[in-house]
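Asker: turn this into a structure:
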Amino acid sequence: MKLKKPFSFTAIASAVAATLVITLSGCASSPQKNTGDQLMQKTAVEVALTKFYAEATNAPLLVQNAQGVLVCPIIKKAGFVLGGEGGTCSMQVNGATVEYYRTAAFKAGLVAGAESYSLLLIFNDANALSNFRASNGNWQVGGNLSISVAKKGAGGGFDSRSTGAAITAYVFSQRGLMSDISIDGSTFKKLQDK
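Answerer: Now for the predicted structure:
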């Protein structure tokens, strides 16, 4: 008599989540080879920065004083129990895009729904920016990438305790039906021009 394998919800959920991560990060095309993609990414970055500036009174100053800014205009996120997210980011130095990155993450726990949001990583320290840009590997938040998440202060600006870190993250423009916005575990990988 041949025994059937028991039904494994974990295996199925893991496969679904892996597919979501691949699909969502795959949606993030590599703009450096396609002029149309570059134009779309540039427009998306400009829109994201305009929304960021509207978030707090000191937001424009934070970008202006930064050594570099990684702008992720749209990060799409979806899942049920297990989920994934992904998007394309532009690294800006002195207001100009110098390279592109892909962000992706796998999430587990109480995850349900779909949403999108925008993310800025502001590099206040030249060494932190140089190390990030020099690596072609994956940088993982909470792993080999230590950042401070900015909080909004009572005066309408971002709290100065979080804005003075070497790298500060700003999550904004959240849209959708998902309760969990955490960037822990998010990875960033430089897109190579092949």
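Asker: where in this structure is pLDDT low?
Answerer: Counting by pLDDT under 70, the chain contains low-confidence ranges at 1-33, 80-81, 107-113, 153-155, 160-163, 176-182, 193-194.
Asker: for the longest helix along it, which positions count as buried?
Answerer: Secondary structure of the chain per DSSP state H: the longest helix is helix 35-55. For helix 35-55, the neighbour count (16 or more other Cβ atoms under 10 Å) marks 41, 44-45, 48-49, 52, 55 as buried. The C-beta positions use only the backbone N, C-alpha and C, and glycine is treated the same way.
Asker: can I get those residues in TSV with distance to Asn65?
Answerer: TSV is the format used below for the buried residues of helix 35-55 (distance: Cβ to Cβ, whole Å):
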residue	distance to Asn65
Gln41	24
Ala44	23
Val45	18
Ala48	18
Leu49	14
Phe52	14
Glu55	16
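Asker: what is the nearest of these to Glu115?
Answerer: Ala48 (15.5 Å; Cβ to Cβ).
Asker: CA atoms of the very next helix or strand once past the longest helix of the chain as PDB?
Answerer: Counting by DSSP states H and E, the element after helix 35-55 in chain order, helix or strand, is helix 59-64. Written as PDB, here are the backbone C-alpha positions of helix 59-64 (Å, rounded to 0.1, in the frame of the first residue of the first chain):
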ATOM      1  CA  ALA A  59      11.900  67.100   4.400                       C
ATOM      2  CA  PRO A  60      13.500  69.200   1.600                       C
ATOM      3  CA  LEU A  61      16.400  70.100   3.900                       C
ATOM      4  CA  LEU A  62      17.000  66.500   4.700                       C
ATOM      5  CA  VAL A  63      17.400  65.600   1.000                       C
ATOM      6  CA  GLN A  64      19.400  68.800   0.200                       C
END
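Asker: from here on, call the first residue 853.
Answerer: Will do, 853 is the new start, and the previous item becomes helix 911-916.
Asker: what is the subsequent helix or strand relative to helix 911-916?
Answerer: Taking DSSP H and E, what comes next after helix 911-916 is strand 920-945.
Asker: the next helix or strand after that next one: how far from the chain's middle?
Answerer: Next helix or strand after strand 920-945 toward the C-terminus (DSSP H and E): strand 948-975. Distance of strand 948-975 from the chain centroid (Cα atoms, centre = their mean, to the nearest Å) equals 2 Å.
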